[in-house]
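Undergrad: fold the following for me, if possible:
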Amino acid sequence: MTKVTFTGLGVALITPFKEDGSIDYPALSRLVDYQVENGADYIVALGTTAETPTLSKKEKEEVVRRIVEKVNGRIPVVRGVGGNNTSEVAEELRSSDFTGISAVLSITPYYNKPSQEGLYRHFCTLSQASPLPLILYNVPGRTGVNMTAEATLRIARDCSNVIAIKEASGNPEQIKAIIDEAPAGFRVISGDDALTTAVIAMGGAGVISVFGNAFPKEMSWLVSHALNGDEQRARKKMEEDFNSLLHLIFAEGNPSGVKCLLSLRGMARNVLRLPLVPVSEQTSRQIQEELKRLETGRRSC
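TA: Numbers count the residues shown, from 1 in each chain. Now for the predicted structure:
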């Protein structure tokens, strides 16, 4: 098997729903093609953006099967497998069908609020159970616990199949410490669209993006320029073109904002499963106005 480095643009794919709340598989298929044909380097299935906690086991399996089938080997696919019951997650890793999957993305356990030692032991257990490389996912804003740089580096050094971390702590010092001290081959991926250029400038490998659902070509351009040393130009584009829209799509949570954006672009319905709901009318109007500004700017280029 060819080693995948997970450099560049990864897109955390949404799960599109029909008006009755069922999964819109034709829309999912179109979204996959849109990512592959517009610069995404890999796709992440069943992440937070996919509203995975609201999907049944059967739905999760079908979503992954269809994504893998549609990608058809054109780019790597990463599958999210995580939870706050270590033995249950380990069993899922041992028993799942990972045909067509290149790596697993696994979030830090939520709600339990484990210590750093608990996080270390959790991921060591998953490392032993996983048949695929593991990408850690640290997002304290969702889980209630921050995995420190020290804990991340300890896992990276002791678990050979832990190959990267999606870092969404929002703490530049922590992110830089991981990048500076990481063992050879271990990569740090931004988990925050707005920090993409900053993380790459520190030595990061790219981003797993929410915004890329709607604008993969633009995010691919930005990431590739930043990785190729044109960080100043990429940062300018991020600040001038994307910052306002990025702020708006996360203002009322993810994926509520990006689903509003996708619906305005005619790519997916603005339907979520409870407990998530669509953004407010005010935020929707603001997203629409900013989208018009961005698209007008694109046409004038």
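
Undergrad: C-alpha only now, for contacts and for neighbours.
TA: Fine.

Undergrad: any low-confidence regions in the stretch 101-250 of the chain?
TA: By pLDDT under 70, the stretch 101-250 of the chain has no low-scoring segment.

Undergrad: the strands in it, which residues?
TA: With DSSP state E, counting those that start in this stretch as the criterion, the stretch 101-250 of the chain has strands at 103-107, 134-138, 162-167, 187-190, 206-209.

Undergrad: got the contact list for the longest helix along the chain?
TA: In the chain, assigned by DSSP state H, the helix with the most residues is helix 281-300. Residues from elsewhere that reach helix 281-300, judged by CA atoms under 8 Å, 6 or more residues apart in numbering: 241-242, 244-245, 248-249, 251, 260-261, 264.

Undergrad: buried members of the residues you listed into PyMOL, please.
TA: Here is the PyMOL selection string for the buried members of the contacts of helix 281-300, based on 16 or more other CA atoms under 10 Å:
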select buried, resi 241+242+244+245+248+249+260+261+264
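
Undergrad: nearest to residue 142 among the contacts of helix 281-300?
TA: If you rank the contacts of helix 281-300 by distance to residue 142 using CA to CA, residue 251 comes first, at 14.5 Å.

Undergrad: wait, which of the contacts of helix 281-300 is closest to residue 74?
TA: residue 261 (26.1 Å).

Undergrad: show me the residues around that closest one that make contact.
TA: By CA under 8 Å, 6+ apart, the neighbours of residue 261 are 214, 249, 287-288, 291.

Undergrad: what about 10 Å?
TA: Going by CA atoms under 10 Å, 6 or more residues apart in numbering, residue 261 touches 211, 213-215, 245, 248-249, 255, 267-270, 284, 287-288, 291.

Undergrad: excluding chain neighbours, give the residue nearest to residue 170 in space.
TA: residue 192 (7.4 Å; CA to CA, 6 or more residues apart in numbering).

Undergrad: buried set for stretch 147-167?
TA: 147-149, 151-153, 155-157, 159-167.

Undergrad: and stretch 112-123, by the same measure?
TA: 113-114, 116, 119-120, 122-123.

Undergrad: and stretch 29-49, by the same measure?
TA: For stretch 29-49, burial by neighbour count (16+ other CA under 10 Å) applies to 29, 31-32, 34-36, 38-49.

Undergrad: go on, stretch 82-93?
TA: Buried, per 16+ other CA under 10 Å, within stretch 82-93: 82-84, 86, 89-90, 92-93.

Undergrad: could you tell me which of those residues belong to strands?
TA: Among the buried residues of stretch 82-93, none falls in strands (DSSP state E).

Undergrad: mind checking which of those are in helices?
TA: Checked against DSSP H, those include these in helices: 86, 89-90, 92-93.
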